[in-house]
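A.B. asks: Sequence first, predicted model second:
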Amino acid sequence: MAVRTILTLPDPRLRRVCAPVATIDASIHALMDDMLATMYAAPGIGLAAIQIAVPKRVIVLDVAKREDENAAPEPLCIVNPEILWTSDELSLYQEGCLSIPEFFEEVERPARVRARYTDLHGRAQEIEADGLLATCLQHEIDHLNGILFIDHLSRLKRDRITRKFAKTAKHGTSTGKGGADKEQAAAGN
């Protein structure tokens, strides 16, 4: 397992739509291992393969510690996910993103979702999720489609954030947002 570099805004690769995985083999297992190591080291609760510059439809999630700091890790390794259903009921979570470090904003998404995916053993699975897991799942699937959580914000907020990160990248300075803490974000992916 290796901790990989996480792409950050404004890297254009974050906008790339990821390709489906044809076969779950040793290279996909190694990718998922690296993704988990990278996610835990960051720390975060979700990571899409594109965030480490691999344009494949693979995500990893682990919300266990966010919900209970004494919980053992409960990673989910998900290949080729697709959302089958979303609830009409919405929920609001403060989201963050490892690719947009130290920035958090409330995002409204469906409160419950059902998704189909392939697990790391190549078996078809379905998951019904609510709460933080539903938010995290939607956030990471968005990444696979070239969508960032800031795309769910008003155009004014999104443009302000994008300009800030572009300026930071140009000058190589910190992106800190006045004391925001990764561990405080409800859905820091």
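C.D. replies: Cool, the structure landed. Numbering: from 1, shown residues only.
A.B. asks: Please identify the helix or strand for the residue nearest to the spatial centre of the chain.
C.D. replies: Centrality entry for the chain: nearest residue to the mean C-alpha point is Glu140, 3.6 Å, by Cα atoms, centre = their mean. Glu140 belongs to helix 131-144 when assigned by DSSP states H and E.
A.B. asks: now the helix or strand harbouring Arg163, how far from the chain's geometric center?
C.D. replies: Applying DSSP H and E as the criterion places Arg163 in helix 155-171. Using Cα atoms, centre = their mean, to the nearest Å, the mean C-alpha position of helix 155-171 is found 20 Å from that of the whole chain.
A.B. asks: out of everything not next to it in sequence, what's closest to the residue nearest to the centre of the chain?
C.D. replies: Ile59 (4.1 Å; Cβ to Cβ, 6 or more residues apart in numbering). Yep, even glycine has a C-beta here, placed from its N, CA and C like the rest.
A.B. asks: Name the SS class of the one you found, please.
C.D. replies: strand (DSSP: H, G, I helix; E, B strand; the rest coil).
A.B. asks: Can you give me the pLDDT of it?
C.D. replies: Ile59 is assigned 98 on the pLDDT scale.
A.B. asks: Next, the contact list for it, please.
C.D. replies: By Cβ atoms under 8 Å, 6 or more residues apart in numbering, the contact set of Ile59 is Met35, Gly46, Leu47, Ala48, Ala49, Ile78, Pro81, Leu137, Glu140, Ile141, His143, Leu144.
A.B. asks: got those residues as a markdown table, with pLDDT columns?
C.D. replies: Shown next, in a markdown table, are the contacts of Ile59 (pLDDT from 0 to 100):
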| residue | pLDDT |
| --- | --- |
| Met35 | 98 |
| Gly46 | 97 |
| Leu47 | 98 |
| Ala48 | 98 |
| Ala49 | 98 |
| Ile78 | 98 |
| Pro81 | 98 |
| Leu137 | 98 |
| Glu140 | 98 |
| Ile141 | 98 |
| His143 | 98 |
| Leu144 | 98 |
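A.B. asks: of all those, which comes closest to Ile150?
C.D. replies: Checking the contacts of Ile59 against Ile150 by Cβ to Cβ gives His143 as the nearest, at 11.9 Å.
A.B. asks: for that closest one, what are its contacts?
C.D. replies: Per Cβ under 8 Å, 6+ apart, neighbours of His143: Leu14, Cys18, Ala48, Ile50, Gln51, Ile59, Ser99, Asn189.
A.B. asks: which one among the residues you listed gets closest to Tyr40?
C.D. replies: Nearest to Tyr40 among the contacts of His143, with distances taken as Cβ to Cβ, is Asn189, at 13.0 Å.
A.B. asks: which residues of this structure fall in strands?
C.D. replies: Applying DSSP state E to the chain gives strands spanning 46-48, 58-61, 76-86, 90-97, 100-110, 112-118, 124-130, 187-188.
A.B. asks: In the sheet, which residues pair with Leu61? Tell me.
C.D. replies: Gly46, Leu76 (DSSP bridges).
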